[in-house]
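Engineer: Fold the stuff below for me.
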Amino acid sequence: MLKPKLKLTSALVVAAFVGGTAFADQAYGPFPVTVKGYEGDKTNSVSYSGQIARHVLHDSLKKAAAKGDGGNNAAEVEALMLAYFNGSEEDLAIIAPVSKDGFPVKQSTVNEISKGKNISGKFYKGAMTAWPGNQSGVDVALQMIKLAAASEQGYDPVNGMDWGQLISKFTLGAMAYNQAVDNYLDEKLDADNKPNDQPYSEGAHYTGKEHSWDEAFGYFGAAAHSVSLSPEQNYAVSKQKDLAAADANGDGVIDLKTEFVFGPAYYAAGADKGGNKNTQYMTTIFNAFRDGRALIASANGEALTDEQRAQLKNYADIIETNWEKTLAEATFKYAGSVYKDIDKIKSGEDTDKALRNYAKHWGELKGFSMALQSGKNNLGAAAIDMNWLIGFGPAMPDGKMVSDIDADGNFVRGREMTLDDYQVNMLKVQKLLIDTFGIESRANDATADLAALAEKLGENASAEND
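Structural biologist: Coordinates of the predicted model:
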């Protein structure tokens, strides 16, 4: 990884302070105020609370997706979900993450983190061809919300849909990933866009480039001290299972603004702690964010030189590449889960549970595959192949799959595929992801079964034709 020639040393970063208290493991900041002429009392220029508020809106939206009773309360549940998706003038209660035994959370409402935030305004607006209807990303999300509200606890057993998982994983790409790599780490790095020799906005205590970079970091969702934690610890913090690891300042409560691990960072840590190889997605992404921020701070409120911006763009490339791989790793993992679920369905043991898990894992698979297509890179033929292999819905035991959606928002089940054939598709998805993204962790890798399973299906087809 390229290192900037002008960079704050780690000792200087550690010597800075938050709220007057120095602590060495808060690695992303604090960073000093460098805005020329600033006369306020702020001493730390780091600010990304708006992005944390959106992570909380996302977590709460996912939780709300399971509140439907099968139709009777559909309007009420849809209104609740839309409040978290579109934002609300009311101070919304945090549905997730909330305090639990052994893991107290400091904030209980979204406005305690940041006021006036929403998901919809920061959502992918391009066409999402991975979903039926050729709709914009925002329209797809709204359709998913409506269908979730009309379902029973977020589950459609006929079509194999888990709405909470679909909405959540799609949003992790269409909001967080998209905003970071296709906005803050893209055009906002141009010389004349949010320049470093001016405050981000009138009276702000951070420069244009400082705050743009912070906002991208906020969308990644790491705790400010995540780099000092192991992948297992970061993963546990996100699961609200390790208070000691999360509580960086030792005050006994978890500040969601700086001490919690949200979706994208959670999946980076998850890939690092599992799979077949010891990857370092979390550390690589985090260090690129931290070192890039130190580079900006080293300019001391002056406009960045072309050389500094080139170095900053190199850090942005590192972040984007590894974030994209993190999403590909998650897609790969859940393709493997779906593959295993089909074996359980075919065994006939506890079929209802097996089908429920199948829908959950397919929702994660499909949602992450859509997230991958929400960045700034056009995946081209790889996206076309992935979308066809995964489909608009999973193959169901009756041999039917979702093929379209009608004008009234009802699924059309016009595609036919056996569970055996769909298993082959899952292995082809895994191979496609390896070939396209060069992923290395590869949790739930089942590609070794591809040749044997394809040969078996070929023999069966020949026997039927004899």
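
Engineer: Show me where the stretch 101-250 of the chain has its helices.
Structural biologist: For the stretch 101-250 of the chain, applying DSSP state H, counting those that start in this stretch gives helices covering 137-150, 163-171, 178-179, 208-220, 231-238, 243-246.

Engineer: just the stretch 301-450 of the chain next, same as before
Structural biologist: Listed in chain order, the helices of the stretch 301-450 of the chain (DSSP H, counting those that start in this stretch) span residues 306-347, 351-372, 381-390, 419-437, 450-465.

Engineer: wait, which of those is closest to Gly173?
Structural biologist: Minimum separation from Gly173 across those (C-beta to C-beta) falls at helix 351-372, 2.2 Å. Where C-beta positions appear, they are placed from N, C-alpha and C, glycine not excepted.

Engineer: Leaving out the residues flanking it, which one is nearest to the residue positioned nearest the centre of the chain?
Structural biologist: In the chain, the C-alpha nearest the mean C-alpha coordinate belongs to Leu172, at 2.9 Å (C-alpha atoms, centre = their mean). Spatial nearest neighbour of Leu172, chain neighbours left out: Gly263 (4.6 Å); criterion: C-beta to C-beta, 6 or more residues apart in numbering.

Engineer: Next, work out how far apart the one you found and Ile52 are.
Structural biologist: 12 Å (C-beta to C-beta, to the nearest Å).

Engineer: Next up, the contacts around the closest residue to Gln135 other than its chain neighbours.
Structural biologist: Spatially, and ignoring its direct neighbours in sequence, Gln135 is nearest to Met128 (6.3 Å; C-beta to C-beta, 6+ apart). By C-beta atoms under 8 Å, 6 or more residues apart in numbering, the residues touching Met128 are 135-137, 140, 174, 370, 373-374.

Engineer: Quick check: what element follows the helix or strand of the chain with the lowest mean pLDDT along the chain?
Structural biologist: Least confident helix or strand, the chain: helix 10-15 with a mean of 34, by mean pLDDT, DSSP states H and E. Where DSSP states H and E defines the elements, the next helix or strand beyond helix 10-15 is helix 49-64.

Engineer: could you check the angle helix 49-64 makes with the next helix or strand after that following helix?
Structural biologist: Counting by DSSP H and E, the element after helix 49-64 in chain order, helix or strand, is helix 74-86. Angle between the axes of helix 74-86 and helix 49-64 is 160 degrees (criterion: axes from the mean of the first three to the mean of the last three C-alpha atoms, to 10 degrees).

Engineer: what mean pLDDT does helix 74-86 have?
Structural biologist: Per-residue pLDDT over helix 74-86 has a mean of 98.

Engineer: Alpha carbons of it, in CSV - could you do that?
Structural biologist: Output of helix 74-86 as CSV, limited to C-alpha atoms (Å, rounded to 0.1, in the frame of the first residue of the first chain):
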residue,chain,number,x,y,z
ALA,A,74,-49.6,-3.8,6.4
ALA,A,75,-50.3,-0.1,6.2
GLU,A,76,-49.0,0.5,9.7
VAL,A,77,-45.8,-1.5,9.1
GLU,A,78,-45.2,0.2,5.7
ALA,A,79,-45.5,3.6,7.4
LEU,A,80,-43.1,2.6,10.0
MET,A,81,-40.6,1.3,7.5
LEU,A,82,-40.9,4.4,5.3
ALA,A,83,-40.2,6.6,8.3
TYR,A,84,-36.8,4.9,8.7
PHE,A,85,-36.2,4.9,4.9
ASN,A,86,-37.4,8.4,4.0
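
Engineer: For it, name the packing helices and strands.
Structural biologist: helix 49-64, helix 137-150 (3 or more C-beta pairs under 8 Å, 6 or more residues apart in numbering; DSSP states H and E).

Engineer: Kindly reformat the contacts of Met128 as TSV containing pLDDT and neighbour count.
Structural biologist: As requested, these are exported to TSV (pLDDT from 0 to 100; neighbours: other C-beta atoms under 10 Å):
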residue	pLDDT	neighbour count
Gln135	95	16
Ser136	97	16
Gly137	97	24
Val140	97	24
Ala174	98	29
Met370	98	29
Gln373	97	27
Ser374	97	26
